[in-house]
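**Student:** please find the sequence and the predicted model below.
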Amino acid sequence: MENLSSVINTNTNNEKLDIKKVFICGGTGFLGFYSAKEFLRQGVEVSVLALPNEITLGQSWWPSEIKVNYGKLFDFKNDKATDLVTKEQLVDYFKGHDVLVYAVGPDDRMHTTPGVSGYDFFHKYLVDKVIPVFEAAKEAGVKKAVLLNSYFAYFNRIWPEKHLADRHPYIKVRCEQGDALIKVGGGRANGGMDVVVLELPYIFGNMPEREPLWKEIFLDRFAKMPAVMFPKGGTNMIHVNGIAEAVVAASYYGEHGDKLPIGAYDETYKTMINMMMEDCGATKRYMGVPTWMATIGGYMVANSIKKTNQDSGLNYKYLMKDIQSQKLYFGQDVIDAVRKHLHYDEFGYNGGGSLEDGIKKTMIACYPHRFDENGNLIEKWKGINPCKKETATNNFFVDKK
């Protein structure tokens, strides 16, 4: 591992920000929701921006202490929609808040509309649409903004020889996003707003009334296969509670310009996938695919996308070799250094829950009908492989063989 000072700012004498009120863009989403709950636990007042009609207030799972504002920062289908919030409205929303948390953006696995390049699409929604939000926060007197970014930006920094940003539009844009918003903030020392970037890995857990992306973009793809065929790499992973801890700690102690890899467990895909299958009662297991074979599959996907005149954030021609067959590990020294920098000990933080708990809760959220009210797998589902679009009323039993 290279000198940690080239990865993060290891100065641990950073000043603690006095926080009374926080505004979360994306506060009704997976990461924002858990961050909001942790801020409440710390005695901080929380406001969020929610999509119109996204939630019904008064539901038992929604904390009544959270103030909800409604509006859209953008709309993938119609950016001219009348319910898009204006910059002036955002300034009004943000006034009186000490911290802005930005937890919004398209998933890296999204494909663009025909004729739109991957770079243009992701730059629009991760940079162009976000700059006015941070400008509004700065104008409103917000002291610090915490941006939830991707760990791809971290690996682009430490693996320059792999040219990840050059090959993958999403990674290039994520790098540009962090730099652009740090520049917008300017830093409190210069009369502006501090901006802290958190670079996030694979995240597990669940939340009420949300089906995890894991089902549609991952599990459903292997529904008809006898095994889960996947490259022989690995990745850092974390429980969603660990993201909430990082957001809160960074709000208090993160310094302007920080780009911090946030993670907990370095694990192989084999371990991850087999835990998923075991938790939901499936008989299928991980089957490692050589890089060369996975690359052929990636080329096939790339060609199918090209035929529809679409594009992707991650270039499938290089995805398997550059990313999926690699071990995207942080190493315990980096994980510990980030936690020290953000004063985890002061809060009693340990990086969130266990990987086992996070993965099990993810699987319960993906297949809720397979589990009883105590989270135990129902007997009739043991030894049964999941099927695509499986629900409590739309499923079939795969013969045990």
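**Tutor:** Yep, it's here.
**Student:** the spatially closest residue to residue 295 that is not a sequence neighbour in helix, strand or coil?
**Tutor:** Leaving aside its sequence neighbours, residue 295 sits nearest to residue 320 (CB to CB, 6 or more residues apart in numbering; 4.8 Å). C-beta: built from backbone N, CA, C; applies to glycine. Under DSSP: H, G, I helix; E, B strand; the rest coil, residue 320 falls in the helix class.
**Student:** please report how far residue 320 lies from residue 154.
**Tutor:** 20 Å (CB to CB, to the nearest Å).
**Student:** same drill for those two, tell me which one is more crowded.
**Tutor:** Set side by side, residue 320 and residue 154 show more neighbours around residue 154, with 28 against 25, by other CB atoms under 10 Å.
**Student:** pretty sure that one is in a strand, no?
**Tutor:** No - membership of residue 154 in a strand is not supported by three-state DSSP, which gives helix.
**Student:** circling back: measure the residue nearest to residue 295 to residue 200 for me?
**Tutor:** Taking CB to CB as the measure, residue 320 falls 22 Å from residue 200.
**Student:** same check, this time on residue 127
**Tutor:** Per CB to CB, residue 127 is found 18 Å from residue 200.
**Student:** those two: which is more packed in?
**Tutor:** residue 200 (24 against 18).
**Student:** what is the neighbour count of the residue nearest to residue 115 when sequence neighbours are not counted?
**Tutor:** Spatial nearest neighbour of residue 115, chain neighbours left out: residue 309 (5.6 Å); criterion: CB to CB, 6+ apart. Residue 309: 11 surrounding residues under other CB under 10 Å.
**Student:** equivalent analysis for residue 274, please.
**Tutor:** Residues near residue 274, counting by other CB under 10 Å: 16.
**Student:** name the helix or strand for it, please.
**Tutor:** Here residue 274, judged by DSSP states H and E, is contained in helix 269-279.
**Student:** residue 238 too?
**Tutor:** Counting by DSSP H and E, the element that carries residue 238 is strand 234-239.
**Student:** do residue 362 as well
**Tutor:** Counting by DSSP H and E, residue 362 is part of helix 355-366.
**Student:** buried residues, that helix. List them.
**Tutor:** By neighbour count on 16 or more other CB atoms under 10 Å, the buried set for helix 355-366 is 355, 358-366.
**Student:** what helices or strands is the helix or strand just after the strand holding residue 238 leaning on?
**Tutor:** Next along the chain after strand 234-239, taking DSSP H and E as the criterion, comes helix 240-253. Helix 240-253 sits against helix 30-41, strand 99-102, strand 144-150, strand 194-200, strand 202-204, helix 332-341, helix 344-347, with contacts defined as 3 or more CB pairs under 8 Å, 6 or more residues apart in numbering; DSSP states H and E.
**Student:** please redo it, this time with the cut-off set to 7 Å
**Tutor:** helix 30-41, strand 144-150, strand 194-200, strand 202-204 (3 or more CB pairs under 7 Å, 6 or more residues apart in numbering; DSSP states H and E).
**Student:** gap between it and the chain center?
**Tutor:** Average the C-alpha atoms of helix 240-253, do the same for its chain, and the two points are 13 Å apart (CA atoms, centre = their mean, to the nearest Å).
**Student:** what does stretch 201-219 give?
**Tutor:** 10 Å.
**Student:** for that stretch, output the C-alpha coordinates as CSV.
**Tutor:** Written as CSV, here are the backbone C-alpha positions of stretch 201-219 (Å, rounded to 0.1, in the frame of the first residue of the first chain):
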residue,chain,number,x,y,z
PRO,A,201,-18.5,0.6,-2.5
TYR,A,202,-21.1,-2.2,-2.6
ILE,A,203,-23.8,-1.6,0.0
PHE,A,204,-26.2,-4.1,1.6
GLY,A,205,-29.3,-3.6,3.8
ASN,A,206,-33.0,-2.8,3.3
MET,A,207,-35.6,-0.1,3.9
PRO,A,208,-39.4,-0.1,4.1
GLU,A,209,-41.3,0.0,0.8
ARG,A,210,-38.2,-0.2,-1.4
GLU,A,211,-37.1,-3.2,-3.5
PRO,A,212,-33.3,-3.3,-3.5
LEU,A,213,-31.7,-2.6,-6.9
TRP,A,214,-29.9,-5.9,-6.3
LYS,A,215,-32.9,-7.9,-7.4
GLU,A,216,-33.5,-6.3,-10.8
ILE,A,217,-29.9,-5.6,-11.8
PHE,A,218,-28.2,-8.6,-10.4
LEU,A,219,-30.3,-11.5,-9.1
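**Student:** show residues contacting it.
**Tutor:** The contact list for stretch 201-219, computed with CB atoms under 7 Å, 6 or more residues apart in numbering, reads 30, 33, 61, 107, 109, 151, 235-241, 243, 263, 355, 358-359, 361-362, 364-366, 386.
**Student:** 6 Å instead, please
**Tutor:** By CB atoms under 6 Å, 6 or more residues apart in numbering, the list of residues contacting stretch 201-219 from outside reads 30, 33, 61, 109, 151, 235-240, 263, 358-359, 361-362, 365-366.
**Student:** would you mind measuring from residue 152 to residue 267?
**Tutor:** Taken as CB to CB, the span from residue 152 to residue 267 is 18 Å.
**Student:** the more surrounded of the two?
**Tutor:** A count of neighbours by other CB under 10 Å puts residue 152 above the other of residue 152 and residue 267, at 26 against 17.
**Student:** if I pick that one, what's in contact with it?
**Tutor:** Residue 152 touches 171, 174, counting by CB under 6 Å, 6+ apart.
**Student:** cutoff 7 Å now
**Tutor:** 164, 171, 174.
**Student:** compare those residues and tell me which is most surrounded.
**Tutor:** The most crowded member of the contacts of residue 152, judged by other CB under 10 Å, is residue 174 (28 neighbours).
**Student:** helix or strand: which one has that residue?
**Tutor:** helix 169-185.
**Student:** mind listing what's buried along that helix?
**Tutor:** By neighbour count on 16+ other CB under 10 Å, the buried set for helix 169-185 is 169-178, 180-182, 184-185.
**Student:** likewise for stretch 307-322?
**Tutor:** Buried, per 16+ other CB under 10 Å, within stretch 307-322: 310-316, 318-322.
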